[in-house]
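Colleague: build me a structure from this.
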Amino acid sequence: MKSEGGDIRIVADRPQPDGTIPAILDIKLKPGWKTYWLEPGASGISPQVTIDPQSGISFSGLRFPAPKAFDDGGVHYTGYDRPVAFPLSLKREKTGDLTLNASVFLGVCKDICIPVQADFSVPLPASLPENPLDKARIEAAVSALPGEPSETFRVRSASFDAAAKRLRLSLVAPGMSAGTLPELFLAGPPGYSFGKAENVKMADGQVTAEVPVRIPSNGGALKSGSVLLVARSGEHSMQTPLAFD
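Modeller: The predicted model follows:
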């Protein structure tokens, strides 16, 4: 599907022996155009995918590579300014030939944000031959996802101050010895949003930061595990839910 800001397609490989279906939402942005992350900011539209339940394929969500932060004249948002692919978590629920019927809704922006709606139908016959180029593209997208926490890249502590409406974090990240501070991206329950990290400091072998939290009128204190953190430090990225102290 072609849009003003770029080409959008779904790429899928044949089902694996365990029933999983390797697939990606592939967005080839034109120069100067951007699209959005899981938590897009005030004016963005995060990618949404709906799979026809009659297709015999279950869908448990999109996965996102680490994004970038943008500031266009006071408008803050989070996303991507180059071609990007989002792995789809799919699994076959019946045998035989399948057809992946999907509806995609997302935003692309340059001077303004343009909503894009598209429907895709991708045949997945049992005899589908392997396409090496598509397989490589899917594997590259999975490899680009943030890693799990490790000894060299992890959260040491996290707390939520409901009265001050702030998250307080400390973490260990690669590149700290060179004075490189990681970028932090957060996504939480519907209605909650997160400002730009403040008071980001490096001391005693750790990075500390405070993140303003906007709470909806009918919201309350954030629960432990309800906020996802993605941290980027140079070429490294890490993803983890936050367990509050």
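
Colleague: how is the residue sitting nearest the centre point of the chain assigned, secondary-structure-wise?
Modeller: When Cα atoms, centre = their mean is applied to the chain, the residue found nearest the centroid is Phe64 (2.7 Å). Counting by DSSP: H, G, I helix; E, B strand; the rest coil, the backbone at Phe64 sits in coil.

Colleague: Phe120 against Thr99, yeah?
Modeller: No: the pair Phe120 / Thr99 is not scored as a contact, 10.1 Å apart, by Cβ atoms under 8 Å. Yep, even glycine has a C-beta here, placed from its N, CA and C like the rest.

Colleague: who's more crowded, these two?
Modeller: A direct count of neighbours by other Cβ atoms under 10 Å for Phe120 and Thr99 places Phe120 higher, at 17 against 14.

Colleague: CA atoms of the strand or helix carrying that one as PDB?
Modeller: Here Phe120 sits within strand 113-124, counting by DSSP states H and E. What follows is strand 113-124, C-alpha atoms only, in PDB (Å, rounded to 0.1, in the frame of the first residue of the first chain):
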ATOM      1  CA  CYS A 113       0.300  14.000  10.800                       C
ATOM      2  CA  ILE A 114      -1.700  12.000   8.200                       C
ATOM      3  CA  PRO A 115      -3.700   9.000   9.400                       C
ATOM      4  CA  VAL A 116      -3.300   5.900   7.200                       C
ATOM      5  CA  GLN A 117      -5.800   3.000   7.000                       C
ATOM      6  CA  ALA A 118      -5.000  -0.100   5.000                       C
ATOM      7  CA  ASP A 119      -6.300  -3.600   4.600                       C
ATOM      8  CA  PHE A 120      -4.000  -6.500   3.700                       C
ATOM      9  CA  SER A 121      -4.600 -10.100   2.600                       C
ATOM     10  CA  VAL A 122      -1.600 -12.300   2.700                       C
ATOM     11  CA  PRO A 123      -2.000 -16.000   1.500                       C
ATOM     12  CA  LEU A 124      -0.200 -18.600   3.600                       C
END
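
Colleague: which helices and strands does the next helix-or-strand element following it pack with?
Modeller: Following strand 113-124 in sequence order, the next helix or strand is helix 132-143 (DSSP H and E). Packing partners of helix 132-143 (3 or more Cβ pairs under 8 Å, 6 or more residues apart in numbering; DSSP states H and E): strand 6-12, strand 23-29, strand 84-92.

Colleague: would you mind giving the ones you listed as CSV with mean neighbour count added?
Modeller: Formatted as CSV, these follow (neighbours: other Cβ atoms under 10 Å):
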stretch, mean neighbour count
strand 6-12, 19
strand 23-29, 22
strand 84-92, 21
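
Colleague: how about these, which one is nearest Lys165?
Modeller: Lys165 lies closest to strand 84-92 among the helices and strands packed on helix 132-143, at 30.4 Å (Cβ to Cβ).

Colleague: what is the subsequent helix or strand relative to the closest one?
Modeller: Past strand 84-92, the next helix or strand by DSSP H and E is strand 98-109.

Colleague: tally of neighbours for Cys113?
Modeller: So Cys113, with other Cβ under 10 Å, has 19 neighbours.

Colleague: read off the pLDDT value for it.
Modeller: Reading off the confidence values, Cys113 has pLDDT 83.

Colleague: same thing with Gly179?
Modeller: Reported pLDDT for Gly179: 65.

Colleague: same check on Ala118?
Modeller: On pLDDT, Ala118 comes in at 94.
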